[in-house]
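1. can't give you the sequence, but here's the structure:
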């Protein structure tokens, strides 16, 4: 169990200038402008928390609990979300940099990614049913054996999704981004 419990608090870089959070459980807390790059957040619990303008790149998320966590304007490069505690795992991302992050085998239905860069992110074997990718850059993102039923890609770009290796029933695409579904056929769309 966590050593300390924090509820309804706001934390900023002046509170933790060294870039480390005390080990514990955080409920309904807001973290603003923290540099937690390469921080050890393993086995910590975050419920109904907001991370705003924080850098968590390459942080250790082994068995970290993320329940209803919102990330806005955050740098989250190289995070292994697949190492998190999967029980009730839920989060939202707005205007975040998620390049090289992994969501491998996660069941994250209805997750919202809005205005995010997800370059070379790994969604292999994940369940993203009814998720929303709004205005996202998915260059080099990996979709293999991924459930994408009713997922909305209509405003996103640079994705490559093989309909034969993913479940895309009911997924939404715009006519402007259909080339991402046909890339493997090496045809030209004019």
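-> Arrived safely. Because the structure is predicted, anything quoted here is derived from the model rather than measured. Numbers count the residues shown, from 1 in each chain.

2. Residue 162 contacts residue 184, doesn't it?
-> Yes. Between residue 162 and residue 184 a contact is recorded at 5.5 Å, counting by CB atoms under 8 Å. (Glycine included, C-beta is placed from N, CA and C.)

3. Pick out whichever of the two has more residues nearby.
-> residue 162 (17 against 12; other CB atoms under 10 Å).

4. Give the residue spans of this protein that score low on pLDDT.
-> Along the chain, segments meeting pLDDT under 70 span 1-2, 17-19, 187-190.

5. got the residue ranges for the helices in it?
-> Using DSSP state H, the helices of the chain run over residues 179-182.

6. ok now do residue 104, which residues does it touch?
-> 82, 122, 123, 124, 125, 126 (CB atoms under 8 Å, 6 or more residues apart in numbering).

7. and if you look at residue 116?
-> 93, 94, 95, 96, 97, 98, 133, 136, 137.

8. So which of the residues you listed is the closest to residue 175?
-> Ranked by distance to residue 175 (CB to CB), these are led by residue 133 at 16.6 Å.

9. For burial, what's the neighbour tally of the closest residue to that closest one other than its chain neighbours?
-> Closest residue to residue 133 apart from its sequence neighbours, by CB to CB, 6 or more residues apart in numbering: residue 156 at 4.4 Å. Residues lying near residue 156 (other CB under 10 Å) number 24.

10. Tell me who's in contact with residue 66.
-> Neighbour list for residue 66: 46, 81, 84, 85, 89, 90, 91 [criterion: CB under 8 Å, 6+ apart].

11. And it, how close does it get to residue 156?
-> 23 Å (CB to CB, to the nearest Å).
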